[in-house]
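Chemist: how would this look folded up:
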Amino acid sequence: MRNVLAIAHKELRSYFASPIAYVVIGFFAILYGFFFSFILQAFVRQAMQAGLMGGAQPMNVNQQVIRPVFQNVTVVALFLLPMVTMRTYSEEKRSGTIELLLTSPLTDVQIVLGKFLGAMALYCAMLAITIVHLGVLFLWGNPEWKPILTAYLGFVLFGGCFVSLGLFISSLSKNQIVAGVVTFAVFLLLWVVSWIGSITPEAEKLTSYLSIVEHFDDFTKGVIDTSHLIYYLSFITFGLFLTVKSVESERWRG
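Modeler: Presented below is the predicted three-dimensional model:
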């Protein structure tokens, strides 16, 4: 475990040693702030109108502010996470440091897990920005905290799927731009696969299950369904397995 954490620490430092971490976190903060302020302003206007009407139904901060904002965060992650994973192996191959890594006294599993945890640490740093905005809601409102915790669990699992798949794609290419473009294309396919089901009803159930977004929605409602947990954990495990096999093949070719 010490070796895994050492690689994760090295990977995280490499992100902040380059502009990648600052660009990704900066863009995420700007986009999240925009979505949050826009949706919050719409909620305040609705609340004022409801107050003038007198007998209107009480408004729910979780359902009308937090949930829409969190759903928009997944869209932001779709664009930003390829930037996080595209360099993990591609840059190592381009610079020639992959040989040093593969000849070190580390197993392929330790290398892959270390890089995975390093990328997830950066992803969690991105999510940490959202706590500031939620603090505003708790200061001036009374949102329910349990659905928020389940949503963050969903975020971690959702991001873990993208990161594990991104690592595998990065391990297949020496060019990080190519890895980033292919990663985004595959992410987008997993995003829109449920749309295919709307065109062909026979495949609707299958495409809905394969869609990475469909499994996230219940987390934002405060619902933890074992089928969603199994999907995300299986996806992460399979992505890491493919990455390990890819690294093993690189070791044999070397």
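Chemist: for this structure, what helix or strand is lowest in average pLDDT?
Modeler: For the chain, using mean pLDDT, DSSP states H and E, the weakest element among its helices and strands is helix 97-102, scoring a mean of 68.
Chemist: and the next element down the chain from that one?
Modeler: Downstream of helix 97-102, the next assigned helix or strand under DSSP states H and E is helix 108-128.
Chemist: May I see the buried residues of that following helix?
Modeler: Neighbour-count burial for helix 108-128 flags 108-120, 122-123, 125-127 (criterion: 16 or more other C-beta atoms under 10 Å). Bear in mind the C-beta positions are built from the backbone N, C-alpha and C, glycine included.
Chemist: Please state the offset of that helix from the chain centre?
Modeler: Taking C-alpha atoms, centre = their mean, to the nearest Å, one finds helix 108-128 lying 11 Å from the centre of the chain it belongs to.
Chemist: same deal with stretch 35-51?
Modeler: Its chain's C-alpha centre and that of stretch 35-51 lie 27 Å apart, by C-alpha atoms, centre = their mean.
Chemist: With stretch 144-155 instead?
Modeler: 15 Å.
Chemist: Buried residues, that stretch. List them.
Modeler: Here stretch 144-155 shows Pro147, Ile148, Thr150, Ala151, Tyr152, Gly154, Phe155 as buried, counting by 16+ other C-beta under 10 Å.
Chemist: Of these, which is the nearest to Val178?
Modeler: Nearest to Val178, judged by C-beta to C-beta, of these is Phe155 at 27.7 Å.
Chemist: From Gly118, how far out is that closest one?
Modeler: In this view, Phe155 and Gly118 are 18 Å apart by C-beta to C-beta, to the nearest Å.
Chemist: Repeat that for Thr103.
Modeler: Relative to Gly118, Thr103 is positioned 20 Å away (C-beta to C-beta).
Chemist: same deal with Ser249?
Modeler: 22 Å.
Chemist: after the helix or strand Ser14 falls within comes which helix or strand?
Modeler: Assigned by DSSP H and E, Ser14 falls within helix 2-17. Per DSSP H and E, the first helix or strand lying C-terminal to helix 2-17 is helix 19-53.
Chemist: Count the neighbours of Asn72 for me.
Modeler: Look at Asn72: counted by other C-beta atoms under 10 Å, it has 17 neighbours.
Chemist: Next up, the contacts around it.
Modeler: Counting by C-beta atoms under 8 Å, 6 or more residues apart in numbering, Asn72 touches Tyr32, Phe35, Ile39.
Chemist: Would you agree the second one is in contact with Gln71?
Modeler: No: using C-beta atoms under 8 Å, Phe35 and Gln71 do not qualify as a contacting pair, with a distance of 9.3 Å.
Chemist: of these two, who's got more company?
Modeler: Set Phe35 next to Gln71 and count neighbours by other C-beta under 10 Å: Phe35 wins out with 19 against 15.
Chemist: May I have the secondary structure class of the nearest residue to that one once chain neighbours are set aside?
Modeler: In space, and not counting its chain neighbours, Phe35 is closest to Asn72: 4.4 Å by C-beta to C-beta, 6 or more residues apart in numbering. What DSSP: H, G, I helix; E, B strand; the rest coil gives for Asn72 is helix.
Chemist: export the helix or strand hosting Phe138 as PDB, just CAs?
Modeler: Using DSSP H and E, Phe138 sits in helix 130-140. As requested, the backbone C-alpha atoms of helix 130-140 are provided in PDB (Å, rounded to 0.1, in the frame of the first residue of the first chain):
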ATOM      1  CA  THR A 130     -18.600  22.900  -4.400                       C
ATOM      2  CA  ILE A 131     -18.600  22.800  -0.600                       C
ATOM      3  CA  VAL A 132     -18.200  26.500  -0.500                       C
ATOM      4  CA  HIS A 133     -21.400  27.100  -2.500                       C
ATOM      5  CA  LEU A 134     -23.300  24.500  -0.400                       C
ATOM      6  CA  GLY A 135     -22.100  26.400   2.700                       C
ATOM      7  CA  VAL A 136     -24.000  29.400   1.400                       C
ATOM      8  CA  LEU A 137     -27.200  27.400   1.200                       C
ATOM      9  CA  PHE A 138     -26.800  26.000   4.700                       C
ATOM     10  CA  LEU A 139     -26.100  29.500   6.000                       C
ATOM     11  CA  TRP A 140     -29.200  31.100   4.500                       C
END
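Chemist: Right, I'll call it a day here.
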